[in-house]
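J.: Quick one: sequence plus predicted model below, questions after.
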Amino acid sequence: MTVTYLEALKYLYFNRPFGKIKIGLYRIEELLNILNNPEKTFSSFHVTGSNGKGSTTTFLHYLSRFHGFKTGGYFSPHLSSILERYLINGEKVSKNTFLKSFEKIKNAAEVLDKKGIDYSPSFFEFATAIAFEIFKNENVEISTIEVGLGGRFDATNVIIPKVSVITTVSLEHTKILGNSIEKIAFEKAGIIKENTPVVIGSIPNTAKEVIYEIANKKGAKVYELGKDFNFEINKLSFNENSINYYGDKDIKDIKISLNGTHQPINAAIALKAFEIFNPLNENVVNDAFKRAFIPGRFELYKNILLDGSHNPQAAEKFVENLDIYFKNKSKVAVFGILDDKDKRKVIEKLSKKFDHIIVTCPPSHRAVNCEETFLLTKEYCNSVEFVKDPLKALEKLQKYRSELKVVTGSFYLVGYIRSYLENGYIDEELNLMRR
C-alpha cells in the first residue's frame, strides 16, 4: 500500500522514535545488505566535528556540484522539513523521490524488526538508508555526508569515503561520547578509514595526538589546518565575506555568502578536502561559495535575522557575529529555548546585546517551563516581555521600530518562524515534527 508524505513522517517519528539513539553499526549494515548496498554506488566525503560539520559539508556539496559532479548531500538535523536532509545538486529532493526510497527502506526495516528490538532500525538509521537509496536511484557521482553524532558508531560510518574530515573537537554529548577531549577525539577519529586521507581543522593538541595515532595505524595521511594548508580573512561583511586560500593551489579573494567568523575556517577545510579529490578551478570555487547556503544560520530572511543560539558556545559565536556585522544597530529579539539546555548561560551571553527581548515558547514538548526562561531573562535584561505563542511574539517583533529584528534560541523556534515567514502558515509537517 502506498503511503502519503505525512503518513511516512508519522511512521518515522512515532514507529522509529525521533531522538532515540542506538549505538552500533550492525543494524545499518544488515539493513543496507538487504537493500544490496546502495552506499557502494557513489563516491563520498565524510564530515564530523563538534562544530562546523554542517557548514563544511555544505561547502563541499557546492564545490562538488559546481565542479561538474552530480552531487548528493545528507545533512542533519533539519530545520523545517525532513526533505532538507536530502539534497541533489543543492536542491531538496521532491516528496515523491523521498517516498519512493522510504517505501523500500520500510520493507527492509520491517524484516529486521522481526529479529527483535536490538535489530529494529532507529530513526537516524532509517533516514540514513533513505539517503543512500536516493543517491543510488539518482545516479549520484559524489555525496557529501554529515555525521549525525560522534563518528565511530554513527550510522553514516558504513561508507568508504574519498576523504574524511574532522573539523573540531570539544566537549559535547558527554554521556554518549565520553567525558574528555581525548575520548571524544577517539569517537570522531572512528571515521578514518584505511589508506584514506583525512583533513583536520583547529583541534586541541590532546585530541590531535589521538587522531594522528589512529591515522598512522590505518595508513591515512593527515592534512592539518595551519600546517598543510591555510587561509586568511580579507573582509567580514554581511553576505560578502572574503578570504584567501593557500593549499596545493592558492586562490585569492574568494567571496563567501555564509556569515560568521567560523565560516572562513570551514571554507578552508572544505577546499583542502575537495582538492585532494579533484583540482580546484578558481572561477568555479567563487561560484560555489557565493551560492552555498544553510537556512537559519545567521540568515537575514524577510528582514529578520535568524540564528539558532541554542547552547552557550553558539550564543557566544552569535554575539561575536552581531558585533562584527551589526555593531551599532538597535536590536530587538524574540527568544525561546528548550528546558534541557543551559538557559542561564545562553541568556547571560545574549541579553546584553538587545534593547528589548520578547521571550516565547519554542513549539516543542521539551519547552514547557517558558515562564522560567522569562524570569531568568529579566535578571539580565531591563526590557523583557513574555508572549507564550511564537507567532504572536513574531507579530509584536515586526511592529517594533528597531534597526535589527532577531529570532534566536532554539532551532525548533527558528525553524517554526522561518517556515511561517516563507509560507504564511504553519504546515502539517511542522505541527507533526514539533509535537
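T.: Done, it's in.
J.: Longest helix in this protein, please.
T.: The helix spanning the most residues in the chain, taking DSSP state H as the definition, is helix 95-113.
J.: What mean pLDDT does the very next helix or strand once past that helix get?
T.: As assigned by DSSP states H and E, the chain's next helix or strand after helix 95-113 is helix 123-137. Averaged over helix 123-137, pLDDT sits at 97.
J.: Which neighbouring elements make contact with helix 123-137?
T.: For helix 123-137, the packing partners by 3 or more C-beta pairs under 8 Å, 6 or more residues apart in numbering; DSSP states H and E come out as helix 26-34, strand 71-74, strand 86-88, helix 95-113, strand 142-146. Where you see a C-beta, it was placed from the backbone N, CA and C, and this is true even at glycine.
J.: pLDDT score assigned to the nearest residue to residue 218 once chain neighbours are set aside?
T.: Of all residues not flanking residue 218 in the chain, residue 194 sits nearest, at 5.0 Å (C-beta to C-beta, 6 or more residues apart in numbering). pLDDT recorded at residue 194 is 97.
J.: and the longest helix of the chain, what does it pack onto?
T.: Under the contact definition 3+ C-beta pairs under 8 Å, 6+ apart, helix 95-113 sits against helix 5-10, helix 26-34, helix 123-137.
J.: now that helix: mean pLDDT?
T.: On average, helix 95-113 scores 97.
J.: What are the buried residues along it?
T.: By 16 or more other C-beta atoms under 10 Å, the buried positions in helix 95-113 come out as 95, 97-102, 104-106, 108-109, 112.
J.: Name the nearest of these relative to residue 271.
T.: Nearest to residue 271 out of the buried residues of helix 95-113 is residue 97 (C-beta to C-beta; 29.9 Å).
J.: Let me know whether that closest one touches residue 135 as I believe.
T.: No - look at residue 97 against residue 135 with C-beta atoms under 8 Å: they stay out of range, at 10.8 Å.
J.: one step back: any chance of the helices and strands packed on helix 123-137 in JSON lines, plus distance to residue 414?
T.: Listed next are the helices and strands packed on helix 123-137 as JSON lines, based on distance: least, C-beta to C-beta, whole Å:
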{"stretch": "helix 26-34", "distance to residue 414": "30"}
{"stretch": "strand 71-74", "distance to residue 414": "20"}
{"stretch": "strand 86-88", "distance to residue 414": "19"}
{"stretch": "helix 95-113", "distance to residue 414": "23"}
{"stretch": "strand 142-146", "distance to residue 414": "18"}
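J.: Would you mind saying which of those lies nearest residue 426?
T.: helix 95-113 (17.9 Å).
J.: quick one: the residue nearest to residue 218 is in a helix?
T.: No - if the criterion is DSSP: H, G, I helix; E, B strand; the rest coil, then residue 194 is coil and not within a helix.
J.: Use 43 as the first number from now on
T.: I'll keep to 43 as the first residue from here, and by that count the last item is residue 236.
J.: Against residue 361, how distant is it?
T.: 43 Å (C-beta to C-beta, to the nearest Å).
J.: which of those two has more neighbours?
T.: Legend: neighbour count by other C-beta atoms under 10 Å for residue 236 and residue 361, higher for residue 361 (16 against 9).
J.: is it fair to say the more buried one lies in a helix?
T.: Yes - under three-state DSSP, residue 361 falls within a helix.
J.: what sits against it?
T.: Going by C-beta atoms under 8 Å, 6 or more residues apart in numbering, residue 361 touches 391-392, 395.
J.: Read off the pLDDT value for it.
T.: In this prediction, residue 361 carries a pLDDT score of 94.
J.: what does residue 218 give?
T.: pLDDT, residue 218: 62.
J.: same question, residue 472
T.: 86.
J.: excluding its backbone neighbours, what's nearest it?
T.: Among residues not flanking residue 472 along the chain, residue 461 sits closest, at 5.5 Å (C-beta to C-beta, 6+ apart).
J.: Give me the helices and strands touching the one helix or strand the one you found maps to, please.
T.: In this assignment (DSSP H and E), residue 461 forms part of helix 453-465. Packing contacts for helix 453-465, counted by 3+ C-beta pairs under 8 Å, 6+ apart, involve strand 341-343, strand 346-349, strand 373-378, helix 432-441, strand 446-451, helix 470-475.
J.: one more time with 7 Å, if that's ok
T.: strand 346-349, helix 432-441, strand 446-451 (3 or more C-beta pairs under 7 Å, 6 or more residues apart in numbering; DSSP states H and E).
J.: quick one: which of these is nearest residue 292?
T.: Closest of these to residue 292 is strand 346-349, at 32.2 Å (criterion: C-beta to C-beta).
J.: and that closest one, how far out from the chain's middle?
T.: With C-alpha atoms, centre = their mean, to the nearest Å as the basis, strand 346-349 stands 16 Å off its chain's centre.
J.: mind listing what it pairs with, with the direction of each?
T.: Its sheet considered, strand 346-349 pairs with strand 341-343 (antiparallel), strand 446-451 (parallel) by DSSP bridges.
J.: As a markdown table, those strands with mean neighbour count would be great.
T.: Putting the strands paired with strand 346-349 into a markdown table (neighbours: other C-beta atoms under 10 Å) gives the following:
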| stretch | mean neighbour count |
| --- | --- |
| strand 341-343 | 17 |
| strand 446-451 | 26 |
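J.: could you dump these to JSON lines with mean pLDDT?
T.: Formatted as JSON lines, the strands paired with strand 346-349 follow (pLDDT from 0 to 100):
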{"stretch": "strand 341-343", "mean pLDDT": "95"}
{"stretch": "strand 446-451", "mean pLDDT": "96"}
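J.: Can you lay out those strands as a markdown table showing distance to residue 314?
T.: Output for the strands paired with strand 346-349, formatted as a markdown table (distance: least, C-beta to C-beta, whole Å):
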| stretch | distance to residue 314 |
| --- | --- |
| strand 341-343 | 26 |
| strand 446-451 | 32 |
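J.: wait, which of the ones you listed is closest to residue 306?
T.: strand 341-343 (17.5 Å).
J.: could you check the distance from the residue most central in space within the chain over to residue 154?
T.: Nearest to the geometric centre of the chain sits residue 96, at 3.6 Å (C-alpha atoms, centre = their mean). According to C-beta to C-beta, residue 96 and residue 154 sit 29 Å apart.
J.: and what of residue 409?
T.: Distance from residue 409 to residue 154, by C-beta to C-beta: 34 Å.
J.: Next: residue 278.
T.: Using C-beta to C-beta, residue 278 is found at 49 Å from residue 154.
J.: on that earlier part again, from the chain's centre, how far out does the longest helix of the chain sit?
T.: Put simply, helix 137-155 sits 24 Å off its chain's centre (C-alpha atoms, centre = their mean).
J.: Break the protein into its domains for me.
T.: Using automatic domain parsing, the domain ranges for the chain come out as 47-333, 341-475.
J.: re the thing from before, which strand or helix spans the residue nearest to the centre of the chain?
T.: Residue 96 belongs to helix 95-108, assigned by DSSP H and E.
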